[in-house]
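Undergrad: With the sequence up front, the predicted model follows.
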Amino acid sequence: MFQCIIQQRNGWIHVPNQEFRDVFPDIRLQLNEQLRCLDIRVESQISLIQELQEFYRRRGEVELDYSKSLEKLAKNLQLRHKEQKQKREQWPMFSSYACWQQLIQQTKSLARDHATLADIYSTQLVQRLQTVYDDSQRIYKKCREVGYEIHEEILRVLQELHTTMKTYHGYQLDCREAEKKLRAAEVQRAKVQQSIPKEKLERNKKFKVIEKEVLKRKNKYTDARLKALKAKNEYQLCLEASNTTIHKYFVEDLSDLIDCMDLGFHSVISRALMLHVTADQGRCRQVLNNSELLSHTIHSMDSRADKQKFLEQYHTAFMIPKRLEFQGQQSEDLLLQPQKDLPQPSLTTIVECELQKALSAEMDSRLAQLVARTNHLRMESDEIWKTVETAEINLLEILNQKDYDVSGIFGTGNTGSDNNSMQSFQLQYNYQQQQQKLNESLSTPQSTKLRHDKQEIEEFYLSKIREYILCTSRIARLDSKAEFLRNALTKDSTVHTNVLNKVLIPKRKRIGRMNISGRPKLFGGSLEEYLEATGEDIPLILRSCIRVINLYGLHHQGIFRVSGSQVEISNFKEWFERGEDPLAEVTDASDINSIAGVFKLYLRELREPLFPTIYFDHFITLAQHESKQEVVTGIRKFLQTLPRSVVCVMRYLFAFLNHLSEYSDENMMSAYNLAICFGPTLMRAPEDKDQVQYQNQVNALIENMIVYHEDIFPKDLVGVKYEKYITSDTFEDIDIGDSPTEPNTEDPDTQSEDDSDTYEATALFDFEARSERELSFRKGDNIQLYNQISNDWWRACVNGKIGLVADKFISLKIKGEERSGEKNSADFHMKSSSSEESVRKRSHSVGAASLAQNTLSTMTTTNICDINDVIMDAKQDVIDGSKTQKYVYHDDPHSFETSMDYLVVASNNTSVSLSEIPTDLVINPTAPEEVQDTSKNEHIYSNSHFKFE
């Protein structure tokens, strides 16, 4: 009777097929079926929640078991390590030990992480899902009650509709019966009217009776019809109400009821599962952090550092033994010396002279044989070394193959839905291919052949290493014999210098190539490897720190003894480690203690100290000598064993320390105090040695090296030398850029108005051309400039050759006058060694400046200048404020104090003649424009720059 009204907003439609309309002929059965479907739905939701609970409960158990297994693994490894501590006491000497420790720590961390995951899964997630389970059941019961109540209301409305319908049908039947009787009465009346004439109708009793019957039937029909119409209206109202109720229920109420059942269900489920997601994300971050830490530890493995730790640990076994001394009669050496005191040579002396000549001839012959044999062996060793290098490269190519990347086999499985079967199949196929490649990589014939080739190369490499070591040992023995014979024959006083240069010239060959990517390690690295990798003669940190201390810290009291700011030292360390110079813009002594701190920190953290530990006993023996000559000779012999680059750095360092000790009356850092500061850093005592016992000997040796550094280090040693008077822009730090690679587009013969004149310049430094376009010149050369093609380069002519010269290497001159102040890049002024000295000198130069002005005013009238008077007058005003004869240079190019300093120093040393005074100080009496205008007197001394050797 009633059709199901379907909800369109949920995708339902009216079913036109009659057989589907008859599925639920009774609305009650349809409503009951709805409740049954909702019961099935909530049961499915609850079973799903229960399944999730069971999954996380078991997943928590698995994670807990895995955590316990990892923790047990770490504990067992640590326990075994503790039990075998004596056998493994050498492990810390290897950098791979840090990887083992990192793996143990990561295992512990992984165990804690999985224990946390187990707690999250089995406790928090299960509890949250249980809350969802309870809430779903409770809400469904309430919603089912509401739905049942709505069903009852619908049935009540339908029952009311059924009642009104029955009433309507009853009244409709009565109305039809009354209508039939009325129609019958009207038919009967019509028959009577036809049978009786019209004039007799009103008096006919039969007609009157029939008329009354018709009226009676008419009244009954009217009443019945009225009741039927009222019943119809009531029925239609109930019908509309019923239809509206049923429609609202199916269209709105039923959907709202289901939404109410699902209210918060997915949100709570999502929150519970997001707990899993965030836990996985946190675990992934931890895994990535552990991987990065392990990767950093792996990349920090250093075989050279392991070797250094090993040698330091067993330094007694690897300490170089003392030299074997000659055992024999000392008088034998005397026989070789000519006895000049005897008035007449004895027969013994004559015999000795003849024997000496014969021995010398034999020694000459043997020396020639040794030299020839040594040259032959050296050529042979070079060939062997080339073979070793080739074999080493091939072996490293095999050992450094990048066959460790298996990241591609993870995450290639089907982790999504199964809707796209082709995509799932492709992912599964890729995963299987990756697994097959991984499994076959260790069992294929190619890998077997690779291992066989590696073993062959290893055997060949080791055999060549054996030949090379034996050959070089033989060469060393023959060289020592040849050197002894050469010394015995020549008796040259410069033999040590020649020997040192000869030993340091060959570049040390290293077995095992270091894979250095980027800049080598500065702090904690090897000095020799750093210099070899960067090509620098002196590390940037030493050059920069020494430059700043030279300029602003020589007079700083307690330099290297007062500690600086740790924050600044750390910042300086990071900058230098990146290859940058944080001290390039330093113009004062405000951070001088921090600069000195990072200077000492670098030397202290060197992997191999400047004085190797294996020579420590030798150093202590040298320190016990009282004779200066013995100490110097012993140190010079030690320097012969060091690489040339390290010796250059040591020479640079000790020259600086010697210069610093010259100002000990102000900075309180004598050579002994500096030795106390740098002794433990430069010469580390072995751990098993008494640090206090040997510290005095170490300090004494360092002090001797500071004091006698000029005698210890040969002057003809190739390399950068320390300069006492450093400029603000040193030769090494001048950045002239690269010369222009593109030719000048302008016609060189066509010059602009500004470049129409040629200029003259003087070379300030020696410059070696780096390309065909650049010109080489020497300090003091006259250079003719044509035009400036960039900020750093001029087009010029040197010795008849046209090319490019660097702007910062020349001093520009203008026709008719000296122009040092017009162009900053052409100024070359020596700065003060420290900021305090500069201030002190400036304060004492005020009187000298005023005296000079008076002197020049007098000269304007006479046009004659007695240079000795100027010297003596200036001396009286300046000498009182000068505590020490340090030659300082100031920034002001037009300051008079530079000239006065020179005059005072010259007058204190010796009598000065006009020939000894720079030409810039001699006033030219034929220069009327300078004499007449006193405001230009400063130009007379504007180019007075001196450098004292």
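TA: Received the coordinates, thanks. Numbering: from 1, shown residues only.

Undergrad: residues touching G564, list them.
TA: Each residue near G564 by Cβ atoms under 8 Å, 6 or more residues apart in numbering is listed here: D591, I592, N593, S594, I595, A596, G597, V598. Bear in mind the C-beta positions are built from the backbone N, C-alpha and C, glycine included.

Undergrad: State the distance from it to R604.
TA: For G564, the distance to R604 (Cβ to Cβ, to the nearest Å) stands at 14 Å.

Undergrad: From the contacts of G564, pick the one nearest W385.
TA: V598 (38.9 Å; Cβ to Cβ).

Undergrad: Distance check, that closest one against N673.
TA: 20 Å.

Undergrad: Looking at the two, which is more packed in?
TA: For the pair V598 and N673, the greater number of neighbours falls to V598 (24 against 19), based on other Cβ atoms under 10 Å.

Undergrad: which one is that one nearest to, not counting chain neighbours?
TA: F572 (4.2 Å; Cβ to Cβ, 6 or more residues apart in numbering).

Undergrad: Next, count neighbours for the one you found.
TA: 26.

Undergrad: For the residue lying closest to Q313 once chain neighbours are set aside, list the residues it contacts.
TA: Nearest in space to Q313, with sequence neighbours left out and distances taken as Cβ to Cβ, 6+ apart, is M93 at 5.6 Å. Shown in contact with M93 (Cβ under 8 Å, 6+ apart): D306, K309, F310, Q313.

Undergrad: same check, this time on F767
TA: Counting by Cβ under 8 Å, 6+ apart, F767 has contacts E774, L775, S776, F777, V805, A806, F809.

Undergrad: what separates it from H247, distance-wise?
TA: For F767, the distance to H247 - Cβ to Cβ - is 101 Å.

Undergrad: cool, and L583?
TA: Applying Cβ to Cβ to L583 and H247 gives a distance of 88 Å.

Undergrad: Next secondary structure after the helix or strand hosting T164?
TA: Using DSSP states H and E, T164 sits in helix 126-195. The helix or strand immediately downstream of helix 126-195 is helix 205-248, counting by DSSP H and E.

Undergrad: list the buried ones in the helix or strand that that next one is followed by?
TA: Counting by DSSP H and E, the next helix or strand C-terminal to helix 205-248 is helix 254-261. Buried residues in helix 254-261, counted by 16 or more other Cβ atoms under 10 Å: L254, L257, M261.

Undergrad: With distance to D223 and pLDDT added, can I get those residues in a markdown table?
TA: Listed next are the buried residues of helix 254-261 as a markdown table, based on distance: Cβ to Cβ, whole Å; pLDDT from 0 to 100:
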| residue | distance to D223 | pLDDT |
| --- | --- | --- |
| L254 | 45 | 89 |
| L257 | 47 | 89 |
| M261 | 54 | 88 |
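
Undergrad: coming back round to it: look at L583 and H247 and report which has more neighbours.
TA: The neighbour count for L583 versus H247, taken as other Cβ under 10 Å, is higher for L583 (20 against 14).

Undergrad: how does the protein divide up, domain by domain?
TA: 18-266, 346-403+445-491, 527-712, 759-826, 835-941 (automatic domain parsing).

Undergrad: any idea which of these is most buried?
TA: domain 527-712 (a mean of 19; mean count of other Cβ atoms under 10 Å).

Undergrad: ok so, going back, who are the packing partners of the one helix or strand the residue nearest to V598 maps to?
TA: Using DSSP H and E, F572 sits within helix 566-577. Applying 3 or more Cβ pairs under 8 Å, 6 or more residues apart in numbering; DSSP states H and E, one finds that helix 566-577 contacts helix 540-552, helix 592-604.

Undergrad: Select, out of these, the one closest to D781.
TA: Closest among these, using Cβ to Cβ: helix 540-552, at 26.6 Å.

Undergrad: Could you name the helices and strands sitting against the closest one?
TA: Using 3+ Cβ pairs under 8 Å, 6+ apart: helix 540-552 touches helix 566-577, helix 592-604, helix 644-661.

Undergrad: mind saving the C-alpha coords of that helix as PDB?
TA: Extracted in PDB, the C-alpha atoms of helix 540-552 (Å, rounded to 0.1, in the frame of the first residue of the first chain):
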ATOM      1  CA  LEU A 540      96.600  30.400   7.000                       C
ATOM      2  CA  ILE A 541      95.900  30.200  10.700                       C
ATOM      3  CA  LEU A 542      99.600  30.700  11.500                       C
ATOM      4  CA  ARG A 543     100.100  33.500   9.000                       C
ATOM      5  CA  SER A 544      97.000  35.400  10.000                       C
ATOM      6  CA  CYS A 545      97.500  35.100  13.800                       C
ATOM      7  CA  ILE A 546     101.100  36.000  13.500                       C
ATOM      8  CA  ARG A 547     100.300  39.000  11.300                       C
ATOM      9  CA  VAL A 548      97.800  40.400  13.800                       C
ATOM     10  CA  ILE A 549     100.100  39.800  16.800                       C
ATOM     11  CA  ASN A 550     103.000  41.400  14.900                       C
ATOM     12  CA  LEU A 551     100.900  44.500  14.200                       C
ATOM     13  CA  TYR A 552      99.000  44.900  17.400                       C
END
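
Undergrad: by how many degrees do it and helix 644-661 diverge?
TA: Interaxial angle, helix 540-552 versus helix 644-661 (axes from the mean of the first three to the mean of the last three Cα atoms, to 10 degrees): 20 degrees.

Undergrad: what angle separates helix 540-552 from helix 592-604?
TA: Going by the same axes, to 10 degrees, helix 540-552 makes 150 degrees with helix 592-604.

Undergrad: Let me know the angle separating helix 540-552 from helix 566-577.
TA: Counting by the same axes, to 10 degrees, helix 540-552 points 130 degrees away from the direction of helix 566-577.

Undergrad: Tell me the helix or strand right after the helix or strand containing L52.
TA: Per DSSP H and E: L52 is located in helix 27-83. Downstream of helix 27-83, the next assigned helix or strand under DSSP H and E is helix 96-119.

Undergrad: same for that next one, what does it pack against?
TA: helix 27-83, helix 265-299.

Undergrad: Relative to R112, which of these is closest?
TA: helix 27-83 (7.4 Å).

Undergrad: So which residues make contact with the helix holding F572?
TA: The contact list for helix 566-577 (Cβ under 8 Å, 6+ apart) reads 521-523, 540-541, 544, 581-583, 591, 594-595, 597-598, 601-602.

Undergrad: picking that back up, including mean pLDDT and distance to H709, could the helices and strands packed on helix 96-119 go into CSV?
TA: Converted to CSV, the helices and strands packed on helix 96-119 look like this (pLDDT from 0 to 100; distance: least, Cβ to Cβ, whole Å):
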stretch, mean pLDDT, distance to H709
helix 27-83, 91, 49
helix 265-299, 87, 39
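
Undergrad: Identify whichever of those helices lies nearest to A241.
TA: Here helix 27-83 is closest among the helices and strands packed on helix 96-119 (Cβ to Cβ), at 14.5 Å.

Undergrad: next one: the closest one to chain centre, how far?
TA: Relative to its parent chain, helix 27-83 has a centroid offset of 44 Å by Cα atoms, centre = their mean, to the nearest Å.

Undergrad: Taking their axis directions, it and helix 126-195 sit at what angle?
TA: Using the same axes, to 10 degrees: helix 27-83 against helix 126-195 is 170 degrees.

Undergrad: low pLDDT regions in the stretch 751-900 of the chain?
TA: In the predicted model, the stretch 751-900 of the chain carries pLDDT under 70 at residues 751-757, 791, 814-900.

Undergrad: Export the helices and strands packed on helix 96-119 as CSV, with columns for distance to P609.
TA: Formatted as CSV, these follow (distance: least, Cβ to Cβ, whole Å):
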stretch, distance to P609
helix 27-83, 31
helix 265-299, 24
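
Undergrad: for those, which one sits closest to K230?
TA: helix 27-83 (26.8 Å).

Undergrad: the inter-axis angle of that closest one versus helix 254-261?
TA: Going by the same axes, to 10 degrees, helix 27-83 makes 20 degrees with helix 254-261.
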